[in-house]
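1. The following block contains a protein sequence and its predicted model.
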Amino acid sequence: MANSFFISVPETFDFKHCLSYLARSPREVLHVCNGNEVTKLVRGKDRNILFRVTNTKRRLQVSVLNTSLTKDIKAAVESYVREWFDLDTDLEPFYALASRDRHLKVLVKEYYGYRIVGQPDLFESLVWAVIGQQINLAFAYTLKQRLVEKFGEQITIDGTTYYLFPEPRALADVNPDDLLTLQFSRQKARYIVGLAKSFASGEISREKLEAMPPDERMGALLAIKGIGTWTANYVMMRTFRHRTALPLGDAGLNAALRRALKLDRKPTAEEVLRVFRRYRGWEAYATLYFWKSL
DNA sequence: CGCCAGGTTAGAG
DNA sequence: CTCTAACATGGC
């Protein structure tokens, strides 16, 4: 196909595990999974780009669906896909460590090639994490769907509608009370509008945080109203690809460790930290595989 | 019905 | 510093 190109992938990459993560909720509206492929709309420099990724032997096939494949568009989409599917991380050291660990051994075997599916857009990442605070994941997806359908751009091609996550500008002037009708709590509505204002004004941006050393970046995230240690670590993991990010206190991580450690209650923070001492340098990937075990 | 969900904040002790 | 109520609602 003239509009497609290929990206070779590491041996320690398995598209199907990443795809099953992307397909985990029927209410996901920011990409469309279908069999062995996923289709997504992203913002390009001059226009929005719709592309589809599918798996072939040792390569990903990427097709651009709504425009011709110029050099610039190819470069942009390739870079997005590499980032999205975490193709540039060398997982060998983690697998060497994990294969000697009684908890992770079986998980890295079963989900070999699974990687941290990224969330390159910092605003989206923060809002999504705030939405997910203290509610079950099914409800979090419902809230995100309502937010995206109400405030995000969309295009319809061949009968399927594709959405972009709302831009900060689209949410900055919203009255937080208007989000209550979408069933956001007052507190979350305020956090989200506050985030939108900070991004719209340029006070916070991915570029600014990217330029900071990791400690300072964490501090900048924690200074935002609504961002606590869990959210900051979640975003460090999915957006900034910090291998040592550890969302301590996470309900899913607690549930997975409760099972792995055969406890009759959720583990304490100290117990989680004790287990994670063995994964030093790879905390984010250990977390990822524990989540996958649920 | 009760309790926990991919927690955080402000305020009290 | 640690502890707690409040937040809003879905799912088991």
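-> Here it is on my side, so go on.
2. you'd agree A:Asp90 is up against A:Pro10?
-> Yes - with contact defined as CB atoms under 8 Å, A:Asp90 reaches A:Pro10; the gap is 7.5 Å. No exception for glycine: its C-beta is placed from N, CA and C like everyone else's.
3. These two: who's more crowded?
-> More crowded of A:Asp90 and A:Pro10, by other CB atoms under 10 Å: A:Pro10, with 15 against 9.
4. Show the pLDDT at the more buried one.
-> Note on A:Pro10: pLDDT of 97.
5. And for it, nearest residue in space, chain neighbours not counted?
-> Counting by CB to CB, 6 or more residues apart in numbering, A:Pro10 lies nearest to A:Leu87, which is 6.8 Å off, once chain neighbours are set aside.
6. which ones are touching that neighbour?
-> By CB atoms under 8 Å, 6 or more residues apart in numbering, the residues touching A:Leu87 are A:7, A:9-10, A:13, A:81, A:115.
7. Arrange those residues in a markdown table, one row each, with distance to DNA strand C and secondary structure as further columns.
-> Putting the contacts of A:Leu87 into a markdown table (distance: CB to the nearest atom of the strand, whole Å; DSSP: H, G, I helix; E, B strand; the rest coil) gives the following:
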| residue | distance to DNA strand C | secondary structure |
| --- | --- | --- |
| A:Ile7 | 37 | strand |
| A:Val9 | 34 | coil |
| A:Pro10 | 36 | coil |
| A:Phe13 | 32 | coil |
| A:Val81 | 32 | helix |
| A:Arg115 | 28 | coil |
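8. Those, buried ones only, as a ChimeraX selection?
-> In ChimeraX, this line selects whichever of those come out buried by 16 or more other CB atoms under 10 Å:
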select /A:9,13,81,115
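9. out of the contacts of A:Leu87, which one sits closest to DNA strand B?
-> Checking the contacts of A:Leu87 against DNA strand B with CB to the nearest atom of the strand, the nearest one is A:Arg115 at 13.7 Å.
10. Before I go, just wanted to say thanks for your time.
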